[in-house]
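# The sequence and its predicted three-dimensional model are supplied below.
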Amino acid sequence: MPPTPSPRRTELLDACYAYLLDHGLTGLSLRPLAAATGTSPRVLLYLFGSKDALVRELLARARHEQVRMMAEVLEDKGDDSGLEALTDRLWDFLSSPAQRPMVRLTYEAFLLSLTRDPGPWAGFAGEAAREWLDLLVRAQPPGTPPAVAEARATRALALVRGLLLDLLACEEPERVAAAMRVTDDGPSPSKKQDSQAHTS
């Protein structure tokens, strides 16, 4: 059984995670990270072993934190537990301004992990994709054939991920939210109101 992390290590991991949400991964350096978290590069290396090990731990923290919050959103099914309603609920959560730093960090790590030399980001995209997929598969009604549940979840997540990337790139929440809600007859009035709420 691994040793219990020291309070100082836990405190610094929390502080480093907050720094990462604000500053992102690109160009991450131990010296400014240490200065911002009230410690020194030497202490960070002592507690976490190496910069790469610290980055991996921070990425695992980000992934688990987001999955935990997404699971809570999907578990609160209300009166409608259909896949469309679940996907809408997931979109409402992930597209909210409060989640923008987390979503931006997720995409940054996702893309870095797909480069030719991913370094400490290796595996992040595959692990995150599988965790998100499993959440939506498990959220579907009991008795849904596994292959069908997985195919539906894959399609739903492709829509959510694509629109989140558009939202990050353009910061046009009303347009992107309308695309999420659109049907052959256009967005319903209630859905339009939802999309406008994201701009306030």
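Happy to help now that I have it.
# where does the chain dip in pLDDT?
When the per-residue scores of the chain are filtered using pLDDT under 70, the ranges that remain are 1-4, 77-81, 184-200.
# 50 - rerun?
Residues of the chain that meet the criterion pLDDT under 50 lie in 1-2, 189-193, 195-197, 199-200.
# just the helices in the protein please.
According to DSSP state H, the chain carries its helices in the segments 7-23, 30-36, 41-48, 51-75, 83-94, 100-112, 124-139, 146-170, 173-181, 189-197.
# Using PDB, write out every CA atom in the third one.
Pointing back at helix 41-48 there. Included here for helix 41-48 are C-alpha records, laid out as PDB according to Å, rounded to 0.1, in the frame of the first residue of the first chain:
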ATOM      1  CA  PRO A  41      11.900  24.200  -7.500                       C
ATOM      2  CA  ARG A  42      14.100  22.000  -5.200                       C
ATOM      3  CA  VAL A  43      11.100  21.300  -2.900                       C
ATOM      4  CA  LEU A  44       8.900  20.400  -5.900                       C
ATOM      5  CA  LEU A  45      11.500  18.000  -7.200                       C
ATOM      6  CA  TYR A  46      12.000  16.500  -3.800                       C
ATOM      7  CA  LEU A  47       8.200  15.900  -3.300                       C
ATOM      8  CA  PHE A  48       7.300  14.800  -6.800                       C
END
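# relative to helix 7-23, how tilted is that helix?
For helix 41-48 and helix 7-23, the angle between their directions (axes from the mean of the first three to the mean of the last three CA atoms, to 10 degrees) works out to 110 degrees.
# Can you give me the buried ones in helix 41-48?
Within helix 41-48, the residues that qualify as buried by neighbour count (16 or more other CB atoms under 10 Å) are 44, 47-48. C-beta coordinates here come from the backbone N, C-alpha and C atoms, glycine included.
# swap in the shortest one?
Of the residues in helix 30-36, 30, 33-34 count as buried by neighbour count, 16+ other CB under 10 Å.
# Now do that helix: which elements does it pack against?
Secondary-structure packing of helix 30-36 (3 or more CB pairs under 8 Å, 6 or more residues apart in numbering; DSSP states H and E): helix 7-23, helix 41-48.
# now what about it, what contacts it?
Residues outside helix 30-36 that contact it (CB atoms under 8 Å, 6 or more residues apart in numbering): 15-16, 19, 40-41, 43-45, 51.
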